[in-house]
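Undergrad: With the sequence up front, the predicted model follows.
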Amino acid sequence: MPYVQLLISVNAMDFAIPFRSNITHPYVYWTDKENRCGLDFSKSVVIEKATYIDTEKKPYIRPLERKALFGKEWEVKSGLITYIEKYKSAKLSPNKHSKILLCRYSTLQYFEKHIFQSDGYQRICTGFGEAESEIAK
């Protein structure tokens, strides 16, 4: 079953942030903190083509979560921007265990060509603990 996701644009890129439950990390916009439900920034994906999104089916969002999000687009967008910046910072200098874990479990690792291009360069990663190189855009 596919995830219900919130679509949001950041730096001319479209992202889908999934609604998830049982979240145990801090990279989230809480919609129901008591039950550990929210928008999981660590599982965000770049939507490269609009056809990737099913617009035929109407998703069900629990009323409590819907209420928590109503009028909060700026807070969600700010949270995603902050998460992207933390990811990029951790990727550029993964010297702490927490930074390595942030990068290892983030879906942004599959979209680095997009998120680093907005900074004027592209980062190619060959794996954790191995050499990484930068190439000019």
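TA: The structure has been received and is ready for your questions.
Undergrad: Longest helix in this structure, please.
TA: helix 73-92 (DSSP state H).
Undergrad: How many residues are close by the residue nearest to residue 60 when sequence neighbours are not counted?
TA: Take residue 60 and drop its neighbours on the chain: the residue closest to it by C-beta to C-beta, 6 or more residues apart in numbering is residue 4, 7.2 Å away. Glycine gets a C-beta too; all of them are placed from N, C-alpha and C. Residue 4 has 15 neighbouring residues, counting by other C-beta atoms under 10 Å.
Undergrad: now residue 4: how far from residue 68?
TA: When C-beta to C-beta, to the nearest Å is the yardstick, residue 4 and residue 68 sit 14 Å from each other.
Undergrad: before we move on, the earlier item: do I have it right that the residue nearest to residue 60 meets residue 57?
TA: No - using C-beta atoms under 8 Å, residue 4 makes no contact with residue 57, being 9.7 Å away.
Undergrad: Check which element follows the lengthiest strand in the chain along the chain.
TA: Of all the elements of type strand in the chain, the one with the most residues (DSSP state E) is strand 13-20. The helix or strand immediately downstream of strand 13-20 is strand 28-32, counting by DSSP states H and E.
Undergrad: averaged over its residues, what pLDDT does stretch 105-119 have?
TA: In this model, stretch 105-119 carries a mean pLDDT of 85.
Undergrad: Also stretch 64-79?
TA: Confidence over stretch 64-79, taken as the mean pLDDT, stands at 94.
Undergrad: Find the residue closest to residue 111 in space, skipping its chain neighbours.
TA: The shortest distance from residue 111 to any residue that is not its chain neighbour, by C-beta to C-beta, 6+ apart, is 4.2 Å, and that residue is residue 46.
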